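> Below are the sequence and a predicted model for it; my questions follow.
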Amino acid sequence: MPRLLNTILMAFATKLTLYWHDLLDLFYPNPCASCQSQLVGNEGVICTKCRANLPRTNSHLSPIKTLEDKFAGKVPVRAVYSFLKFEKAGRVQRLLHQLKYRNRSEVGLVLGQLYGQELFESGIIQDLDLLVPVPLHERKKKQRGYNQSDLLAEGLSSTSKIAWSAEVLLRAKFTETQTHKTRLQRFENVSGIFEVMKPDLVHNKSIALIDDVLTTGSTLESAAATVLEAGAKEVIIITIAAAY
């Protein structure tokens with residue numbers, strides 16, 4: 001019972017924090033997307049302090065087994081890279097909330113650019129042929145106005161110098177939200193939902209799948225399997241955040 005009460009209180013605190021930041025948006029129209037302080041000088045989207053204090057995983061420098069184990073024995077991926085560590089009510093959750101639910105598409109571009117620069121400087125992804133964002137179903141994309149993974153891929157491409165395309169994968173089936181599902185339920189929910197629309201861009205190519213958050217990995221697992229079945233030489237996973 002204490003554990004259940006603690007979970008409920010944490011969920012309530014998280015929602016309260018997000019509502020508070022939404023309220024601040026009304027009074028400060030140009031805030032940092034993370035801490036909501038007013039941007040100054042040449043700061044853009046995320047203030048200097050928050051950029052410096054983002055909880056980087058550095059998984060591209062030192063592999064994180066917990067992330068790689070999400071795919072081990074299920075689908076062969078060459079590597080798993082996540083930019084930031086996701087924590088409830090933390091900077092990263094606030095940034096993704098702004099991106100996905102507050103119509104701040106520029107957050108996706110900036111996060112993609114920041115990570116793309118770090119990956120480019122590390123030299124570990126220069127053999128990739130194409131960045132492929134995980135698509136939303138058309139119904140959900142119309143509701144949101146854009147696919148956040150497209151924006152992340154565009155940002156990554158601009159600083160990593162690797163081409164990207166949103167026309168490779170199609171999300172052919174509308175699926176229920178993954179929230180509160182078990183790992184098996186999540187996999188069953190997304191199994192077989194993707195189709196490769198341009199096989200020539202995939203066949204014998206090194207492909208990076210781009211998504212916003214890596215949790216159980218079920219959606220990315222399904223996308224990776226689809227791309228590999230279409231003849232991709234190899235797949236790596238790149239996300240902006242990961243929960244682990």
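Okay, I see it.

> so how far is Leu109 from the residue positioned nearest the centre of the chain?
Centroid-nearest residue in the chain, with C-alpha atoms, centre = their mean: Asp212, separated by 1.0 Å. Remark: distance between Asp212 and Leu109 (C-beta to C-beta, to the nearest Å) = 13 Å. Placement of C-beta: from N, CA and C, glycine included.

> which neighbours do the two share?
Leu152 (C-beta atoms under 8 Å, 6 or more residues apart in numbering).

> which residues of this protein fall in helices?
2-27, 48-53, 65-68, 91-101, 106-122, 138-144, 148-160, 183-190, 218-229 (DSSP state H).

> How about residues contacting the fifth one?
Surrounding helix 106-122, the residues in contact under the criterion C-beta under 8 Å, 6+ apart are 33, 44-46, 51, 54, 60-61, 81, 83, 95-96, 98-99, 125-126, 148, 150-161, 212, 238, 240.

> Need the buried ones from those residues selected in ChimeraX.
The following ChimeraX command selects only the buried members of these, with burial defined by 16 or more other C-beta atoms under 10 Å:
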select :33,45,46,51,54,60,81,83,95,96,98,99,125,148,150,151,152,153,154,155,156,157,159,160,212,238,240
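
> List the buried residues of stretch 76-95.
Judged by neighbour count (16+ other C-beta under 10 Å), stretch 76-95 contains these buried residues: 77, 79-86, 90-95.

> Those: which two are farthest apart?
The span of the buried residues of stretch 76-95, defined through C-beta to C-beta, is set by Val77 and Arg94 at 28.8 Å.
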